[in-house]
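1. kindly generate the corresponding structure for this input.
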Amino acid sequence: MKKLVLVLLSLMLSSVSCFAQQRFAIGTLCTATPVAQCQFGSSEKALFGFNVNTTGTAVWVFLLDSAVPVVNGTVNVIRPYQPASSGTLGVSWIPDSLILVNGVTLACSTSAPPTLTLSPSCYFTAEVR
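-> Model prediction:
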């Protein structure tokens, strides 16, 4: 019984060690001034989570699978979020991730999905790999 416990403990510690060794690229490109959108890669990415800070405008945050900047109009939203005005929204899938094939784009919109009306009212950070 003691050997079984030791083996299980060893497996648990090795899996924690493997997870701790994974590298995350933390996107910080969109935190200096409020922006309407931010891209975190233009190829397949694993999104582990993101944070959005809003500037006081009522907005929607669109998570998009896009390798290019998006424009106003109808868009294919992977997931929409509605943070509080002048608030912070944190989304996490850790220890899992959400795979986006084309790239990770977060957009700040004053209109509800699927209509995008870009608004430079958000600060974005994301954990992608």
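2. what is the rounded mean pLDDT of stretch 34-54?
-> Stretch 34-54 shows a mean pLDDT of 93.
3. ends of it, how far apart?
-> The first and final residues of stretch 34-54 sit 8 Å from each other (CA to CA, to the nearest Å).
4. so which bits of that stretch are buried?
-> Of the residues in stretch 34-54, 34-41, 45-54 count as buried by neighbour count, 16 or more other CB atoms under 10 Å. C-beta coordinates here come from the backbone N, C-alpha and C atoms, glycine included.
5. which stretches of the chain aren't confidently modelled?
-> Low-confidence segments of the chain, defined by pLDDT under 70: 1-29.
6. give the contact list for Phe80.
-> Rather than Phe, residue 80 is Pro. Remark: with contacts taken as CB atoms under 8 Å, 6 or more residues apart in numbering, Pro80 is in contact with 60-63, 112-113.
7. circling back to that earlier point, now, the buried residues of stretch 34-54 that are in helices?
-> Restricting the buried residues of stretch 34-54 to those inside helices, with DSSP state H as the criterion, leaves an empty set.
8. keep only those of those residues that are in strands.
-> 34-35, 37-39, 45-54 (DSSP state E).
9. could you identify the most distant pair in those residues?
-> Every pair in those was compared (CB to CB); the two farthest apart turn out to be Pro34 and Ala46, at 26.6 Å.
10. so where do the strands sit in the protein?
-> Per DSSP E, the chain has strands spanning 25-35, 37-39, 45-54, 60-65, 73-74, 79-81, 88-92, 98-100, 104-109, 115-116, 122-128. These are given in chain order.
11. distance of Asp96 relative to Val104?
-> Taking CB to CB, to the nearest Å as the measure, Asp96 and Val104 are separated by 15 Å.
12. who's more crowded, the two?
-> Using other CB atoms under 10 Å, the more surrounded residue of Asp96 and Val104 is Val104, with 28 against 9.
13. so who does the residue positioned nearest the centre of the chain touch?
-> When CA atoms, centre = their mean is applied to the chain, the residue found nearest the centroid is Phe50 (3.5 Å). Contacts were defined as CB under 8 Å, 6+ apart; by that measure Phe50 touches 27, 40, 63, 90-91, 106, 124-127.
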